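Q: coordinates only, no sequence provided:
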């Protein structure tokens, strides 16, 4: 049987005169000889430097010094690094944030090179799968330091070759062993390495999840899980709510001490695993399951289409706010989701004529009915199929609605209002409160990368805004804020539906265009902030001195 291997260093320059490594040569030859007559394919990189000597084009004399016998090298010239991926993603962000006409959209998307890099990854992975299955050859994948591109290709190849990794449990195993245990530096790549002077962030993991989504879109019956699971994984890989994606390696997670006076405990002992939470959700909900899943449709290898014309931008992730607005304005029978789901049912029935609308099954029928019901009741609650938070509210953590309504009561200061509501703000040192203003540090979830950053928030009832600055010094120097929310735009303030055991002081502020998830430093500070945001500006009347 063929085996798939990964290495932590490139072999592009090895095997030539003066650069041979006997240890590596012995390992590769031992692997090749496991099966009689089997070859070894090495997927690696090389620069476009003209001085590079390609081992496939050596002269007879030079070939005698080449030590990797019967090994086929498949080179990628200058593969993109995490810096290139970051640059491409930044251009994609800028494109989405700008108002671009339909005529210029495809040109602007092409200039980001995001889909081009996605297609190149799928193409290279298809070659790996062909070597493993059609050639029955061993494959060694080694790019750069083995963290980024190597992990992407190896994990994607297993997903395409083995149907087990397309199941709910198998996908969890794949992410855990190839990304978590092999030591992908999530803290560095997610931009959470605050003390480092070297910028090492880049959405490598996001790019891989995008590749999985592209395959899922092309083969909708092959995966037991659906898009919601991918959205949840991306969201919480940046949120730091679970210990699964913290730190840069398993060694750091086992040695990092988080709680004072508990130095014998590690990150894994003091945090909840993301997979435990997924299992709890699966026990009570079908939100992560694909009702169209049929393992017999793709029992073997999947070869996805990798041409750029066959790929699409993952709008449910990158343009979630625009999609949310489209959902709110659309009717149920004209919606894109309803149309695509009906097309999938038609495709299923064409391939399986024995299934009719009556015998098709309750899974998809319930999905269509649920979609129609969610559109008909969207005035009370947005659809849970899309958006930055596709996860339902846990029954153990209720989220009471706090509606900002007009009140006949008049208060002379914020402290006077809080006292009437039963809050003693003097015991909370996390908030600075004056007669018409509340200030303090809060941690806000980013709108795009979904990473959490500490910001200085200011609630001003005179100017009627809720703004956040990079630090308190930026506010006192009267610099421009990072973001501003007008108080008349706040439609609802409530406990966040993302609340778990470690994030019980999380609340959200909903506006017509976006939902802000904000983490307070304590429970009492969260309750005070929510109470202040509930107060209508017209109810605060400060007497003249």
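A: Perfect, thanks for sending it. Quick caveat: nothing in here was measured; it's all calculated off a predicted structure.
Q: by mean pLDDT, flag the weakest helix or strand of the chain.
A: Within the chain, confidence by mean pLDDT, DSSP states H and E is lowest for strand 401-402 among all helices and strands, at a mean of 34.
Q: buried stuff in whatever helix or strand comes next after it?
A: Later in the chain than strand 401-402, the nearest helix or strand by DSSP states H and E is helix 414-420. Within helix 414-420, the residues that count as buried by 16 or more other C-beta atoms under 10 Å are 414-415, 417-418. Heads up, the C-betas are built off the backbone N, CA and C, glycines and all.
Q: could I get the full set of strands for this structure?
A: Counting by DSSP state E, the chain has these strands, from start to end: 4-6, 40-46, 71-77, 138-141, 401-402, 432-433, 437-445, 452-460, 465-469, 483-486, 492-495, 506-510, 515-519.
Q: okay, now residue 309: neighbour count?
A: 8 (other C-beta atoms under 10 Å).
Q: do the same with residue 34
A: If you count neighbours by other C-beta under 10 Å, residue 34 ends up with 12.
Q: got a pLDDT number for it?
A: You'll see residue 34 listed with a pLDDT of 75.
Q: likewise for residue 431?
A: 91.
Q: show me the contacts for the spatially closest residue to it that is not a sequence neighbour.
A: Using C-beta to C-beta, 6 or more residues apart in numbering and skipping residues adjacent in sequence, the residue nearest residue 431 is residue 440, 4.2 Å away. By C-beta atoms under 8 Å, 6 or more residues apart in numbering, the residues touching residue 440 are 430-432, 456-457, 525, 529.
Q: can I get the strands of the chain in a markdown table including distance to residue 288?
A: Formatted as a markdown table, those follow (distance: least, C-beta to C-beta, whole Å):
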| stretch | distance to residue 288 |
| --- | --- |
| strand 4-6 | 27 |
| strand 40-46 | 32 |
| strand 71-77 | 34 |
| strand 138-141 | 29 |
| strand 401-402 | 26 |
| strand 432-433 | 42 |
| strand 437-445 | 21 |
| strand 452-460 | 23 |
| strand 465-469 | 32 |
| strand 483-486 | 31 |
| strand 492-495 | 23 |
| strand 506-510 | 21 |
| strand 515-519 | 20 |
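Q: which strands and helices sit next to the helix of greatest length in the chain?
A: Looking across the chain with DSSP state H, the single longest helix is helix 114-133. Identification of packing neighbours for helix 114-133 by 3 or more C-beta pairs under 8 Å, 6 or more residues apart in numbering; DSSP states H and E yields strand 40-46, strand 71-77, helix 82-97, strand 138-141, helix 149-161, helix 204-218.
Q: now the helices: where do they sit in the stretch 201-350 of the chain?
A: Under the criterion DSSP state H, counting those that start in this stretch, helices of the stretch 201-350 of the chain are mapped to 204-218, 227-239, 250-255, 267-270, 274-284, 315-318, 320-329, 336-351.
Q: between the first one and helix 227-239, how many degrees?
A: Taking axes from the mean of the first three to the mean of the last three C-alpha atoms, to 10 degrees, one finds helix 204-218 and helix 227-239 inclined to each other by 180 degrees.
Q: which strand residues bridge the closest residue to residue 74 other than its chain neighbours?
A: Closest residue to residue 74 apart from its sequence neighbours, by C-beta to C-beta, 6+ apart: residue 43 at 4.8 Å. Beta-bridge partners recorded for residue 43 (DSSP bridges): residue 74, residue 141.
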